[in-house]
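Chemist: Predicted model and sequence below, questions to follow.
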Amino acid sequence: MLYSDLEKIYNLPFFELLQKARRIHEEHWTDSSVQLCTLLSIKTGGCSEDCSYCAQSARYSSGVAAERLMEKNEVIDRARAAKSHGSTRFCMGAAWRGVRSGTKRFESVLEIVREVAALNMEVCVTLGELGAEEAAALKEAGVTAYNHNIDTSPEHYPNIVSTHTFQDRLKTIRNVQDAGMSVCCGGILGLGETVKDRLKMLEVISEFNPPPESIPINSLMPMPGTPLSDNKTVDAFDVARLIALARISVPAARVRLSAGRTRLSDEAQALCFFAGANSIFYGDKLLTAANPAVENDLALLGRLGLEAKASDRTAPAPCSSPERPLSPAVEQDQCAHGAARS
């Protein structure tokens, strides 16, 4: 969806915007399911990147210590516990710039993925930059979705990160799509961006071909010691507007209400669900930030008449449309792309 169209919709009166998003949501989502996802940091801290919002960067004195990759058995125990509490997607994050085939740590991750997939859970990972070979290996091991947020607009991105480019993010997304995995890609509100930056971010995401399977909308949780530690809290109405706009611009994507939910009241979260959010990160912790307690989440969903989505590892990754160019970043042959998906 073009920026000019997004701007017009975004500037609608609040209730008109939410009503429009709700109509589109009900056209594409006929049930009341909410996907419950659990996110586990399997390798915390010590990252060489300089993302200015992240407490895991080794460049900042944030109090987050560098740790080794978690043992496989510990990760599997956490995945089993997540499944027993209703999660259908288990997401694993590692504080790395990226991974390389043939390395011990990548082989360890592949082994973990295989065992989590054997629990019949959807498997999502976020490991930084991926090449085509690494993406194919993750797909073969059982990864169903790869999370790689673009964070903000292309124009604002250099103000947030200098150790890689916006184009680097898009290249990884292209490699993930070519390997046949779904893409989970969203952004973060509260990075000092303008409304224009937020809309530009959604413009890029909505133009992906194939479209993202899920779009996480995060609100910055300012971390002590990071350059953005003093940033202001994002207004709940701004979060709801972005949720609504994400729903309108990519109707078939799961829109995930992600980081920052501890700062939203039950009423504000209900607004976001009405606007089109149908997935949440679920559990007591979201990487290095707090997350609403499991019991609170279940109680809120019950009060709203929403139900947990069943796991579905058989669901195919979104297909590309021959009428549109492939996602930006890398020139690819359409036939070769189609063969990678078959």
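Modeler: Looks like it arrived, so ask away. Numbers count the residues shown, from 1 in each chain.
Chemist: For residue 159, identify the helix or strand it belongs to.
Modeler: helix 157-160 (DSSP states H and E).
Chemist: which parts of that helix are buried?
Modeler: Within helix 157-160, the residues scored as buried using 16 or more other C-beta atoms under 10 Å are 157, 160. C-beta here means a position set from N, CA and C on the backbone, and glycine is covered the same way.
Chemist: Now do it: which elements does it pack against?
Modeler: Of the remaining helices and strands, none touches helix 157-160 by 3 or more C-beta pairs under 8 Å, 6 or more residues apart in numbering; DSSP states H and E.
Chemist: Bridged to residue 188, which residues?
Modeler: residue 218 (DSSP bridges).
Chemist: and it, what is it in contact with?
Modeler: Each residue near residue 188 by C-beta atoms under 8 Å, 6 or more residues apart in numbering is listed here: 53, 149, 151-152, 218-220, 259.
Chemist: so who does residue 129 touch?
Modeler: 97-99, 164, 168, 171-172.
Chemist: Tell me how far it lies from residue 204.
Modeler: Residue 129 is 18 Å from residue 204, where distance means C-beta to C-beta, to the nearest Å.
Chemist: Residue 129 and residue 316: what is the separation?
Modeler: Distance of residue 129 to residue 316, given as C-beta to C-beta: 25 Å.
Chemist: Which strand runs longest in the protein?
Modeler: strand 33-43 (DSSP state E).
Chemist: which strands and helices sit next to that one?
Modeler: Strand 33-43 is packed against helix 72-84, strand 89-94, helix 104-117, strand 254-257, strand 277-281, strand 307-308, with contacts defined by 3+ C-beta pairs under 8 Å, 6+ apart.
Chemist: Just want the angle from it to helix 72-84.
Modeler: Taking axes from the mean of the first three to the mean of the last three C-alpha atoms, to 10 degrees, one finds strand 33-43 and helix 72-84 inclined to each other by 160 degrees.
Chemist: Given strand 33-43, what are its sheet partners and their directions?
Modeler: Under the criterion DSSP bridges, strand 33-43 sits next to strand 89-94 (parallel), strand 277-281 (parallel), strand 307-308 (parallel) in its sheet.
Chemist: For those strands, which has the smallest mean pLDDT value?
Modeler: Looking at the strands paired with strand 33-43, the lowest mean pLDDT belongs to strand 307-308 (a mean of 84).
Chemist: and residue 60, what element?
Modeler: Counting by DSSP H and E, residue 60 is part of no helix or strand.
Chemist: Now do the phi/psi pair for it.
Modeler: In terms of degrees, to the nearest 10, the main-chain angles of residue 60 are phi -120, psi 150.
Chemist: just checking, it touches residue 228?
Modeler: No - with contact defined as C-beta atoms under 8 Å, residue 60 does not reach residue 228; the gap is 10.1 Å.
Chemist: quick one: the helices in the stretch 101-250 of the chain?
Modeler: Along the stretch 101-250 of the chain, the segments classed as helices by DSSP state H, counting those that start in this stretch run 104-117, 132-141, 157-160, 166-179, 195-206, 236-249.
Chemist: tell me the most buried of these?
Modeler: Mean neighbour count (mean count of other C-beta atoms under 10 Å) peaks for helix 236-249 among the helices of the stretch 101-250 of the chain, with a mean of 24.
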